[in-house]
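[1] starting from these lines, generate the structure:
(2 chains)
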Amino acid sequence: MMILVTYDVSFKTDTGPKRLRRIAKLCLNYGQRVQYSVFEIEVDMAQWTKLKNELIDAIDEEFDSLRFYYLGNNWERRVEHIGAKTVLDLNGLILL
Amino acid sequence: MRPLRNVIYVQTQNAWLHKDNENLVLKVDKETKARVPIHKLQGLVCFGQVTISPYLMAHCAENGITITFLNMFGKYLARVEGPASGNVLLRRTQHITGHNVEKSVAIAQTMLTGKLYNQRYVIRRYLRDHSEKINDEKILIDLQVAEKRLTRCLTQLTDCKTIDTLMGREGEAAQVYFGVFNHLIRQADFEFDSRRRRPPTDPVNALLSFFYTLLTHDCRSALETTGLDPASGFLHQLRSGRPSLALDMAEEFRPMVDRFVLSLINKRQVVSKDFETWPNGSMTLKDEPRKTLLAAWQDRKQDNLFHPWFEETVPIGLLPWLQAQILARFLRGDCDSYVPFLWK
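    Next comes the predicted model:
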């Protein structure tokens, strides 16, 4: 299933940049960065449970926020892209 | 159900692939061109000068991602594969299927159906594009008759119960097809009367033989990459050193090579002085024109075609890989039958 993960990390505390990098890295391990704080992540239930816990552990719930949009398996028709920074279709033919 | 994971084909020369956390990163001249999470992958196919970091290689081996190295022309060189792999089962199924006459005939039949269908397409396409330019009434009739006879051979294929009868039908179709092949050539200095090989003694046969060889190489690489045994065929008999399955698989793509050769000739990309004759009567391409023709072949493989089974537009060069995948899926029992590539 496809999950859209977005986040806001506060820089009010010194550990802000560190948390931000950590979250970005976790998301990147499983998915594709589509915009600065937006990741498209296609995983199965087990992978998602693991990633979700890791993400929740990584943030400071007092200052930061995470949002998950569950797009399901038929996500392709729910997503439209306009403009620059086109992303790679990870399920299509990858010929580089 | 296990999701179908993707294969990455890397054709960019001097590309550098490495691992960054759980991502595969492709860099050319230190610039990141692509970044893919490794859990999405099943295989990695590298053409020519592609370098892979040892860490990525180890990670792929651990996660069951096969890395295949081919040279620039797509000839199989080596494969890196982790310990646990289903290939032995696939190969065994392939060999067992080879013993089963009924199943072998069914597969060979489908492959030849592909071949004859595609041969007919070569003629149909010519009739469609050039029939008003054909002045000679006889040529037009010849081609139309050939088209009909191929259609009949095509329907007769389904009645064949043995490999021998299949081969017979195929021979008949080849005679019809190559009987009118000369009509498709529109340059006076190239003359084709019949298919001659070992050795080819005229330019058209030399070209056909040369590109058939490349095609067989591609099919062989594709089979190796998929984990099938290229030496164990269904239509072609087993013989030491002969890539029988690669030859089987090449059948359905031969007409595409024919059309490629025809366009080289008709568009004057190759001329009669590009050939040299040897004392034994065989004719080959000279070194320089061979290079230009290889470049043309590589270009042709980049052209896109719609693949009806995968419902996707793919470069021609990938067709053998896709067909090998369909064959592997059929042998594993994931789909009901092997489906040949039908050109349209």
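
[2] just checking, A:V87 touches A:Q32?
    Yes. Counting by Cβ atoms under 8 Å, A:Q32 is a contact partner of A:V87 at 5.7 Å. All C-beta atoms are positioned from the backbone trio N, CA, C, and that covers glycine.

[3] how about the residue in chain B positioned nearest to chain A, what does it touch?
    With Cβ to the nearest Cβ, the shortest gap between chain B and chain A falls at B:E22, namely 3.7 Å. Taking Cβ atoms under 8 Å, 6 or more residues apart in numbering or on different chains as the criterion, B:E22 is in contact with A:L28, A:N29, A:Y30, B:P37, B:I38, B:H39.

[4] mind running it again at 7 Å?
    Taking Cβ atoms under 7 Å, 6 or more residues apart in numbering or on different chains, we find B:E22 in contact with A:N29, B:P37, B:I38, B:H39.

[5] what does chain A put close to chain B?
    Residues of chain A lying close to chain B by Cβ under 7 Å from any Cβ of the partner chain are A:K25, A:L28, A:N29, A:Y30, A:G31, A:L88, A:L90, A:N91, A:L93, A:I94, A:L95, A:L96.

[6] show me which of the residues you listed is closest to B:N118.
    Using Cβ to Cβ, A:L93 is the member of the residues of chain A next to chain B that lies nearest B:N118, at 22.0 Å.

[7] next one: that closest one, what pLDDT does it get?
    For A:L93, the pLDDT comes out at 64.

[8] repeat for B:L41
    What the model reports for B:L41 is a pLDDT of 84.

[9] that one touches A:I94, doesn't it?
    No. At 8.7 Å, B:L41 does not count as touching A:I94 under the criterion of Cβ atoms under 7 Å.

[10] who touches both of those two?
    Here B:L41 and A:I94 share the contacting residues B:N6, B:I8, scored by Cβ under 7 Å, 6+ apart.

[11] so for stretch B:171-181, mean pLDDT?
    86.

[12] and B:L41, its phi and psi?
    Main-chain torsions, B:L41, degrees, to the nearest 10: phi -110, psi 150.

[13] dump the contacts of B:E22 into a markdown table; add distance to B:N14, secondary structure and neighbour count as well.
    Listed next are the contacts of B:E22 as a markdown table, based on distance: Cβ to Cβ, whole Å; DSSP: H, G, I helix; E, B strand; the rest coil; neighbours: other Cβ atoms under 10 Å in any protein chain shown:
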| residue | distance to B:N14 | secondary structure | neighbour count |
| --- | --- | --- | --- |
| A:N29 | 27 | helix | 18 |
| B:P37 | 24 | strand | 20 |
| B:I38 | 22 | helix | 20 |
| B:H39 | 27 | helix | 18 |
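
[14] can those go into JSON lines with extra columns for distance to B:F190?
    Converted to JSON lines, the contacts of B:E22 look like this (distance: Cβ to Cβ, whole Å):
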{"residue": "A:N29", "distance to B:F190": "58"}
{"residue": "B:P37", "distance to B:F190": "52"}
{"residue": "B:I38", "distance to B:F190": "51"}
{"residue": "B:H39", "distance to B:F190": "53"}
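
[15] closest to B:E62 among those residues?
    Nearest to B:E62 among the contacts of B:E22 is B:I38, at 10.0 Å by Cβ to Cβ.

[16] could you report the pLDDT at A:S65?
    Per-residue pLDDT puts A:S65 at 92.

[17] burial of it, as a residue count?
    If you count neighbours by other Cβ atoms under 10 Å in any protein chain shown, A:S65 ends up with 11.

[18] what does B:K33 give?
    B:K33 is flanked by 15 other residues according to other Cβ under 10 Å.

[19] kindly report the same for the one 3 residues further on.
    By the measure other Cβ under 10 Å, the count of residues near B:V36 is 20.

[20] using CSV, write out every CA atom in stretch B:132-150.
    Output in CSV follows, covering the C-alpha atoms of stretch B:132-150 (Å, rounded to 0.1, in the frame of the first residue of the first chain):
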residue,chain,number,x,y,z
GLU,B,132,0.5,1.6,-54.4
LYS,B,133,4.1,2.0,-55.3
ILE,B,134,4.4,-1.6,-56.6
ASN,B,135,4.1,-1.4,-60.4
ASP,B,136,4.6,-5.0,-61.1
GLU,B,137,1.2,-6.8,-60.8
LYS,B,138,3.0,-10.1,-60.3
ILE,B,139,4.9,-8.9,-57.2
LEU,B,140,1.7,-7.6,-55.6
ILE,B,141,-0.1,-10.9,-56.2
ASP,B,142,2.9,-12.9,-55.0
LEU,B,143,2.9,-11.0,-51.7
GLN,B,144,-0.8,-11.3,-51.3
VAL,B,145,-0.6,-15.1,-51.8
ALA,B,146,2.3,-15.4,-49.4
GLU,B,147,0.2,-13.5,-46.8
LYS,B,148,-2.7,-15.9,-47.2
ARG,B,149,-0.4,-19.0,-47.1
LEU,B,150,1.2,-17.8,-43.9
